[in-house]
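S.K.: sequence unknown, structure follows:
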């Protein structure tokens, strides 16, 4: 249904209802057919005048004005429309040779005040409709823009992840062909999962965790005993909805910028629990986090991506932080509210 169709339904329906109610009360009070006809004509005049006013509002772009500039114009328009309707009523009385009935001062003031009230209600409804429609259009635009941005951010993660995974496999091809075959199989599983996840804005935490486990198994082939993994996952966390590839990005960051730089390797410890309808995830990895320093190898891209996606999806309701828990451990904390 178009905006113009909605307008005519409301315009004709609203004025018809107003006219029928007034005619009903006129007849209850024993009004003459001539008075009923005059009321009908007054309603018709009001319909035509408000339609002309609508065209004027669009031509002059009043709806784009600020409130301070719009209100005086609306008040003046209400006065003019009320005077026009009364003037047309006087013309009707004149044609009926009953001009004296329209010149009664008390009835004239009552008529004009009634018209002003009706036109005020009409203007409030009309302007409120357009402001609500504009607000909804803004929300739809922002939602579409956010979705486009989220899709772009997710598309950045897959090439970033594939590049690192292929580097891991390349290191195994010459020294251990069997392990490299196994790594390729694990990579194909991860890519299959990521392709499915890429079509969704949110996935179950259990599915995200499975991708992380596959990724860590792939990295475990490369690091061997240098990489140790520990999990502490609450059962309530399994069905919690989370952004895809987010946990994997945090774990990958810990390995790439923490454990891979340590001669003896280290530990990745993943904790997840649900508290007060929020998922609390802690990723601890061996190493040290240097705050505010961007390295040439791309450090910080995944973390910046994570922060931006959280802001788009949850606003201020989500929390993300990364810091040194002690001299040997980096702590990454992620708090996600129920979507």
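M.R.: Noted; the coordinates are in hand. Please read all numbers here as calculations on a predicted model, not as lab measurements.
S.K.: CA only for contacts and neighbour counts going forward, please
M.R.: Noted.
S.K.: poorly predicted segments of this structure, please.
M.R.: Scanning the chain for pLDDT under 70 picks out the ranges 1, 97-104, 140-161, 164-165, 194-199, 292-301.
S.K.: not counting residues beside it along the chain, what's closest to residue 241?
M.R.: Closest residue in space to residue 241, ignoring its immediate chain neighbours: residue 204 at 4.7 Å, by C-alpha to C-alpha, 6 or more residues apart in numbering.
S.K.: could I get the full set of helices for the protein?
M.R.: Applying DSSP state H to the chain gives helices spanning 3-28, 33-59, 67-95, 99-102, 105-173, 177-197, 205-223, 246-257, 301-314.
S.K.: for the second one, name the packing helices and strands.
M.R.: In this structure, helix 33-59 makes packing contacts with helix 3-28, helix 67-95, judged by 3 or more C-alpha pairs under 8 Å, 6 or more residues apart in numbering; DSSP states H and E.
S.K.: how about the shortest one: buried residues?
M.R.: If you call a residue buried by 16 or more other C-alpha atoms under 10 Å, then helix 3-28 has these buried ones: 11, 15, 16, 19, 22, 23, 26.
S.K.: how about stretch 327-339?
M.R.: For stretch 327-339, by 16+ other C-alpha under 10 Å, it's 329, 330, 331, 332, 333, 334, 335, 336, 337.
S.K.: just the ones in strands from those residues, please.
M.R.: 329, 330, 331, 332, 333, 334, 335, 336, 337 (DSSP state E).
S.K.: wait, what's in contact with the second one?
M.R.: With C-alpha atoms under 8 Å, 6 or more residues apart in numbering as the criterion, the residues that contact residue 330 are 254, 284, 285, 286, 287, 288, 289, 322, 323, 324.
S.K.: drop anything exposed from these.
M.R.: 254, 284, 285, 286, 287, 288, 289, 322, 324.
S.K.: who does the third one form a beta bridge with?
M.R.: Applying DSSP bridges to residue 285 gives these bridge partners: residue 268, residue 330.
S.K.: what about it, distance to residue 327?
M.R.: Distance of residue 285 to residue 327, given as C-alpha to C-alpha, to the nearest Å: 12 Å.
S.K.: related to what we said a few turns ago, residue 42 is nearest to which of the helices and strands packed on helix 33-59?
M.R.: Ranking the helices and strands packed on helix 33-59 by proximity to residue 42 (C-alpha to C-alpha) places helix 67-95 first, at 6.6 Å.
S.K.: okay, angle between that closest one and helix 33-59 too, please.
M.R.: Angle, helix 67-95 to helix 33-59, by axes from the mean of the first three to the mean of the last three C-alpha atoms, to 10 degrees: 150 degrees.
S.K.: which neighbouring elements make contact with helix 67-95?
M.R.: Counting by 3+ C-alpha pairs under 8 Å, 6+ apart, helix 67-95 packs on helix 33-59, helix 99-102, helix 105-173.
S.K.: how about a markdown table for those, with distance to residue 310 added?
M.R.: A markdown table is the format used below for those (distance: least, C-alpha to C-alpha, whole Å):
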| stretch | distance to residue 310 |
| --- | --- |
| helix 33-59 | 40 |
| helix 99-102 | 67 |
| helix 105-173 | 10 |
